[in-house]
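Enquirer: Give me a model of this one.
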Amino acid sequence: MTTLALEPPRHISPAKGAQHALSLAWRGILKIRKNPEQLADVTLMPIIFLLIFTYLFGNALGGSITNYLQTLVPGVIVMNILQASLSVGVQLNTDVNKGVFDRFRSMPIARSAPLIGAVLADIVRYLVCLAVLMIVATIMGYRLGTDPGQFVVAILLVVAFGLSFCWASVFVGMLMKTPGAAQGLMFVFVMPLTFGSNVFVSTATMPGWLAAWADISPVSLMANALRGLMNGGAVAGPLGGALAWMVGLILVFFPLATWAYRRRV
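Expert: The predicted model follows:
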């Protein structure tokens with residue numbers, strides 16, 4: 001007697017699709033729990049960046065370590081969340097090469113569920129990164145200048161920012177043939193984006209052409225929004241720009257990631 005493979009149904013409701021995505025997100029979280037070394041980048045990198053830039057450049061760039069730390073911490077949060085979003089594309093590329101998605105294709109689940117589930121699982125990585133960063137920053141002398149409610153808003157905002165960038169990572173991961181190629185290409189893209197911003201220095205000190213870009217960069221806008229929410233100051237202007245970038249990233253890269261996924265598997 002021959003057993004036929006199950007074919008995915010032609011139409012899956014949005015509610016069912018969301019349920020499938022959450023189930024696969026839980027799969028991703030379980031993988032992290034079984035292999036905690038996957039969190040090495042989001043636990044070590046925040047500490048390294050804080051220590052290097054605070055103690056090597058704090059006095060030169062901020063006048064004092066204490067003053068510079070207040071400006072640096074919100075920016076480093078954005079930088080590390082952005083770098084943490086790189087892993088999802090690499091992981092998906094690895095799964096495709098190992099044949100994991102061949103099994104997903106034979107299951108009656110929404111076609112986009114594996115991608116959405118992988119992106120949602122990254123929230124755990126973001127929260128670990130933020131917890132480590134804030135603990136180390138507090139030990140080093142950083143202090144919130146606003147109330148806890150605004151800090152919670154800042155955390156939710158930067159997590160949403162990371163999730164929007166995840167779709168660019170997913171697109172690259174589905175496009176490249178190997179995990180190493182996906183990671184290398186995303187790293188080349190992210191490093192200029194983060195260093196060509198106001199994370200470490202004011203845009204007023206930059207050449208005109210670079211300052212013009214840095215002032216409208218998504219990293220700079222998000223860093224300024226977090227500074228307003230965490231230290232006090234203007235929030236509405238940079239927040240509006242950051243939200244526009246986030247919406248644009250999703251509108252552009254979600255369809256591209258889905259197209260690349262269907263083309264690949």
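Enquirer: tally of neighbours for residue 252?
Expert: 13 (other CB atoms under 10 Å). Just so you know, the C-beta spots here come from the backbone N, C-alpha and C atoms, and that holds for glycine as well.
Enquirer: likewise residue 112?
Expert: Number of residues near residue 112 (other CB under 10 Å) recorded here: 17.
Enquirer: got the phi/psi numbers for it?
Expert: The phi/psi pair for residue 112 (degrees, to the nearest 10) reads phi -80, psi -10.
Enquirer: Find the nearest non-adjacent residue to it, please.
Expert: Nearest non-adjacent residue to residue 112, counting by CB to CB, 6 or more residues apart in numbering: residue 258, 5.8 Å away.
Enquirer: dump the residue contacts of the one you found.
Expert: 111-112, 115 (CB atoms under 8 Å, 6 or more residues apart in numbering).
Enquirer: which SSE is it in?
Expert: helix 236-264 (DSSP states H and E).
Enquirer: Name the residues of that helix that come out as buried.
Expert: Residues 238-239, 241-243, 245-246, 249-250, 253-254, 256-258, 260-261, 264 are the ones in helix 236-264 that count as buried (16 or more other CB atoms under 10 Å).
Enquirer: How about stretch 141-159?
Expert: Using 16+ other CB under 10 Å as the test for burial, stretch 141-159 gives 142, 144, 146, 150-151, 153-155, 157-159.
Enquirer: again with stretch 19-29
Expert: Using 16+ other CB under 10 Å as the test for burial, stretch 19-29 gives 20-21, 24-25, 28-29.
Enquirer: which ones among those residues are found in helices?
Expert: If you go by DSSP state H, these have 20-21, 24-25, 28-29 in helices.
Enquirer: For the closest residue to residue 158 other than its chain neighbours, what is the enclosing helix or strand?
Expert: Nearest residue to residue 158, sequence neighbours excluded (CB to CB, 6+ apart): residue 81, at 5.3 Å. Assigned by DSSP H and E, residue 81 belongs to helix 65-84.
Enquirer: same check, this time on residue 224
Expert: Using DSSP H and E, residue 224 falls in helix 218-231.
Enquirer: Ramachandran angles for residue 111?
Expert: The phi/psi pair for residue 111 (degrees, to the nearest 10) is phi -60, psi -30.
Enquirer: Of the buried residues of stretch 141-159, which is the nearest to residue 69?
Expert: For those, the residue nearest residue 69 by CB to CB is residue 142; the value is 5.0 Å.
Enquirer: tell me the SS of the closest one?
Expert: Following DSSP: H, G, I helix; E, B strand; the rest coil, we place residue 142 in the coil state.
Enquirer: So which residue is dead centre in this structure?
Expert: By CA atoms, centre = their mean, the chain has its centre lying nearest to residue 162, at 2.9 Å.
Enquirer: show me the contacts for that residue.
Expert: For residue 162, the contact set (CB under 8 Å, 6+ apart) comprises 81-82, 84-85, 122, 126.
Enquirer: Turn the ones in helices among the buried residues of stretch 19-29 into JSON lines, including pLDDT.
Expert: Formatted as JSON lines, these follow (pLDDT from 0 to 100):
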{"residue": "20", "pLDDT": "72"}
{"residue": "21", "pLDDT": "76"}
{"residue": "24", "pLDDT": "75"}
{"residue": "25", "pLDDT": "79"}
{"residue": "28", "pLDDT": "74"}
{"residue": "29", "pLDDT": "76"}
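Enquirer: Can you lay out the residues you listed as JSON lines showing distance to residue 52?
Expert: Shown next, in JSON lines, are those (distance: CB to CB, whole Å):
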{"residue": "20", "distance to residue 52": "42"}
{"residue": "21", "distance to residue 52": "38"}
{"residue": "24", "distance to residue 52": "37"}
{"residue": "25", "distance to residue 52": "33"}
{"residue": "28", "distance to residue 52": "31"}
{"residue": "29", "distance to residue 52": "31"}
